[in-house]
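Enquirer: just a sequence and a predicted model for now, questions to come.
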Amino acid sequence: MKASKPAATFAPQEVRRFISPLTIATLVILTGLIMEAVSRRPAPNLPLAFYGGLGIAYIATVHILLLRSAFRHGTYRVINSVLAGIGIGILTYLLSERLNEITHILVLFSVVVMTMISGRMYAYLTLFLIMAVSLPAELSQLRTAEGILDYTTPFVVSVIVAEVIIRIKNTAHQHIHRLEIINQVSREIMQTLDTKQTFALLDKTIQDTLGADTYFIGIVKDGKIQLELFFDDGEYFNGMRVPFEGTLSGWVIRNQKVLFLPDLREEVELDGVERFIIGRDRTSLSWIGVPLKAENVTGVLALASYAANAFDRADLELLISLGQHVTLALDNTIRHAQVERQARLDSMTGVYNHGYFLKLLAEQAEEASRTQTPLSLIMLDIDYFKQYNDTYGHLVGDRILNSLCSAIQRNIKQADAVGRWGGEEFIISLPGATGRQAHRIARRIGETMRSLRVEDRDNRTVPIPTVSQGIAVYPDEANEIYRLIDVADKRLYVAKERGRNQVEPGEEFFQE
């Protein structure tokens, strides 16, 4: 099923190549007629010889004009059809009865050429004029059934050939148009690293080229198929999750094979597949699914229609090509996101690194200023961590660092952020949190740390180190992020100087 689109056109050079064999054959026939006319005895047939030469000149002119855009104008096409139709019709009067077959051949050739260079309407105009002009010369022949059959056969054959050529041209045009679509989609998709934009491009492409009632792209997540893009009969159902097992989509993904079901009214023999209705409460009667498979992508791209036999092999080929490009684009997007994520994370603990945390803190401070809400900052340091490393080894020290990060993340919200400031020192931003709220969070982090259990390489439990923390609030105590960090850092060292394992300043320092 295809949406209506302007047909792609062949270049003039291509048309010339298509019709060159017929052009050469026609020139040979006309040259033969000239030789026949000149050699006729007792007197040469000069009108026929002149007419043959005129025909050769006409064909050469048309062949040259094909390279000019003006010839593709409707007026020139009409003139060409009229000249060809009248010319071949007049030729009927100049040929003897024994050369009638030549007229039949020229009728067929002219219709084929006209169909190729101008189209159906102009080919039939040529055919009509040939019949109209030649009919008076053939009236005596039309008195018998055999004569009627002999006269009409070339025209009927020409119509059949013209229709076949038109269908071949349309198929070629559609194929060219599909290739253009694939090239355009490929360029656009490869220029984006945004998943939503990739789905939007796919959505537009299917809408423009395939008349599907339903289409979706599903990605396997947690044992189910998540429909990232799902269109059904004029409505979107994006984000739905459907079962993997027992569905056509699951079969395509599991077997990594294309599935083309032109008529679902017939029994489908696929192991473990049941009918499963999603979207609107209607059953599809045509279905195509192609697998999507890459290192970071496993899924399916599918089309469906409520009509049987709605899709053909050309639709299948287009969907396969789209699937390949979408798979590559999604995989590249995920790879890029992974690289970006790794670039902003500390390689050992998985929290934000120093540079990215500063960038994020600046954005949070800007948002806090815009919304006139507080932003609290906690600087945290593990007490006596160097001695701890020296005593229990760096392996245990690394476990402590990761355990601390887990303890922090369990006590903060998703909108909050934690970063590794350096060594055993960490920094926590709390958008919207007041000083007292930050103090309670810091206290919970310390309590969580004390409850942890860490073992050395011999599976022996080792004591957990304590942490010291300093708090500062934006914009009450500092209206610039580096000054805010400096305040929190100084308070951290005050906490260390006062004996460690505490939060500075105390909760009573902050007023609600």
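Expert: Noted; the coordinates are in hand.

Enquirer: wait, residue 198 touches residue 330, no?
Expert: Yes: at 6.3 Å, residue 198 and residue 330 qualify as touching, with contact defined as C-beta atoms under 8 Å. C-beta coordinates here come from the backbone N, C-alpha and C atoms, glycine included.

Enquirer: what's the mean pLDDT across stretch 220-238?
Expert: The pLDDT scores in stretch 220-238 average 89.

Enquirer: so how far is that stretch from its chain's centroid?
Expert: The chain centroid and the centroid of stretch 220-238 are separated by 16 Å, computed with C-alpha atoms, centre = their mean, to the nearest Å.

Enquirer: just the buried positions in stretch 312-319, please.
Expert: Residues 315-316, 318-319 are the ones in stretch 312-319 that count as buried (16 or more other C-beta atoms under 10 Å).

Enquirer: which residues in the stretch 101-250 of the chain form strands?
Expert: Taking DSSP state E, counting those that start in this stretch as the criterion, the stretch 101-250 of the chain carries its strands at 214-221, 224-232, 235-236, 241-243.

Enquirer: before we move on, what about the chain?
Expert: Under the criterion DSSP state E, strands of the chain are mapped to 214-221, 224-232, 235-236, 241-243, 259-261, 286-293, 298-305, 375-382, 417-422, 425-431, 454-455, 461-462, 467-474, 503-504.

Enquirer: who are the packing partners of the fourth one?
Expert: Under the contact criterion of 3 or more C-beta pairs under 8 Å, 6 or more residues apart in numbering; DSSP states H and E, the helices and strands touching strand 241-243 comprise strand 224-232.

Enquirer: list the neighbouring strands of the strand it packs on plus their orientation.
Expert: strand 214-221 (antiparallel), strand 235-236 (antiparallel), strand 241-243 (antiparallel) (DSSP bridges).

Enquirer: out of those strands, deepest packed?
Expert: Scoring these by mean neighbour count under mean count of other C-beta atoms under 10 Å gives strand 214-221 as the most buried, with a mean of 22.

Enquirer: relative to strand 286-293, how tilted is that one?
Expert: With axes from the mean of the first three to the mean of the last three C-alpha atoms, to 10 degrees defining the directions, strand 214-221 sits at 30 degrees from strand 286-293.

Enquirer: could you check the angle strand 298-305 makes with strand 214-221?
Expert: 160 degrees.

Enquirer: with distance to residue 425 as added columns, please give the strands of the stretch 101-250 of the chain in CSV.
Expert: Shown next, in CSV, are these (distance: least, C-beta to C-beta, whole Å):
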stretch, distance to residue 425
strand 214-221, 37
strand 224-232, 40
strand 235-236, 48
strand 241-243, 42
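
Enquirer: show me where this protein has helices.
Expert: Using DSSP state H, the helices of the chain run over residues 12-39, 46-65, 74-94, 100-117, 120-138, 145-190, 195-209, 248-255, 313-344, 354-371, 385-392, 394-410, 435-450, 481-497.

Enquirer: which neighbouring elements make contact with the first one?
Expert: For helix 12-39, the contact count by 3+ C-beta pairs under 8 Å, 6+ apart identifies helix 46-65, helix 100-117 as packing neighbours.

Enquirer: report the distance from the shortest one to the chain centre.
Expert: Think helix 100-117. That offset, for helix 100-117, works out to 44 Å (C-alpha atoms, centre = their mean).

Enquirer: tell me the domain ranges of the protein?
Expert: Using automatic domain parsing, the domain parsing of the chain gives 12-175, 195-338, 354-509.

Enquirer: residue 199 and residue 228 touch, don't they?
Expert: Yes: using C-beta under 8 Å, residue 199 makes contact with residue 228 at a distance of 5.8 Å.

Enquirer: who has more neighbours out of those two?
Expert: residue 228 (20 against 17; other C-beta atoms under 10 Å).

Enquirer: I'd like the distance between the more buried one and residue 240.
Expert: The gap separating residue 228 from residue 240 is 10 Å, by C-beta to C-beta, to the nearest Å.

Enquirer: got any ranges where the chain has weak pLDDT?
Expert: 1-12, 66-73, 275-281, 512 (pLDDT under 70).

Enquirer: find the residue at the geometric middle of it.
Expert: The residue lying closest to the centre of the chain (C-alpha atoms, centre = their mean) is residue 202, at 4.0 Å.

Enquirer: can I get the helices of the chain in JSON lines with distance to residue 266?
Expert: JSON lines is the format used below for these (distance: least, C-beta to C-beta, whole Å):
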{"stretch": "helix 12-39", "distance to residue 266": "40"}
{"stretch": "helix 46-65", "distance to residue 266": "51"}
{"stretch": "helix 74-94", "distance to residue 266": "46"}
{"stretch": "helix 100-117", "distance to residue 266": "38"}
{"stretch": "helix 120-138", "distance to residue 266": "36"}
{"stretch": "helix 145-190", "distance to residue 266": "26"}
{"stretch": "helix 195-209", "distance to residue 266": "25"}
{"stretch": "helix 248-255", "distance to residue 266": "14"}
{"stretch": "helix 313-344", "distance to residue 266": "17"}
{"stretch": "helix 354-371", "distance to residue 266": "57"}
{"stretch": "helix 385-392", "distance to residue 266": "70"}
{"stretch": "helix 394-410", "distance to residue 266": "55"}
{"stretch": "helix 435-450", "distance to residue 266": "62"}
{"stretch": "helix 481-497", "distance to residue 266": "67"}
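
Enquirer: no further questions, thank you.
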